[in-house]
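Asker: Sharing a model that was predicted from the sequence below.
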Amino acid sequence: MTQTNANLANGPEKLGHGMSAIWRPWTGTRKGETGEHLLFAFLTTAPNDVVRPVHSKAMPVILTGNACDIWLESDTATALKLQQPWPADRLSLNAQQN
């Protein structure tokens, strides 16, 4: 079986960007270890035309500029409006088969 590793590049302008994510501490048993753990997840959305051939179910929500501030500082309903695919013409896929 051939596996393809892929990473995303933020288009030719190479703007700084972030991904919408959340984290929180949690105490309990996880993977056989009991104690305090930091749990992390990132928000996904439907894939755009660049991502879909590699991952048909979802892609991360990519944020730039003011959208980063909205994600960090707004109420939940406002922040979730950012849950949209990144424009395909501003994203490239760098793939390598192993």
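Answerer: Okay, I see it.

Asker: need the contact list for the residue nearest to the spatial centre of the chain.
Answerer: With distances taken as C-alpha atoms, centre = their mean, Pro60 lies nearest the centre of the chain, 2.6 Å away. Contact partners of Pro60, counting by C-beta atoms under 8 Å, 6 or more residues apart in numbering, are 19-20, 42-45. The way it works is simple: take the backbone N, C-alpha and C, and place the C-beta from them, glycine included.

Asker: Mind doing that once more with 7 Å?
Answerer: 19, 42, 44 (C-beta atoms under 7 Å, 6 or more residues apart in numbering).

Asker: Save those residues as TSV, and put in secondary structure and distance to Ala79 too.
Answerer: Below are those laid out as TSV (DSSP: H, G, I helix; E, B strand; the rest coil; distance: C-beta to C-beta, whole Å):
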residue	secondary structure	distance to Ala79
Met19	strand	13
Phe42	strand	13
Thr44	strand	14
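
Asker: Now, of the residues you listed, which are buried?
Answerer: Using 16 or more other C-beta atoms under 10 Å as the burial test, the contacts of Pro60 include Thr44 as buried.

Asker: circling back: next one: the residue nearest to the centre of the chain from Thr76, what distance?
Answerer: Taking C-beta to C-beta, to the nearest Å as the measure, Pro60 falls 18 Å from Thr76.

Asker: Paired strands for whichever strand or helix holds His37, with orientation please.
Answerer: Element membership of His37, judged by DSSP states H and E, is strand 33-42. Taking DSSP bridges as the criterion, strand 33-42 forms sheet pairs with strand 21-30 (antiparallel).

Asker: Residues contacting the strand it pairs with, please?
Answerer: 35-43.

Asker: top of those residues by neighbour count?
Answerer: Leu43 (17 neighbours; other C-beta atoms under 10 Å).
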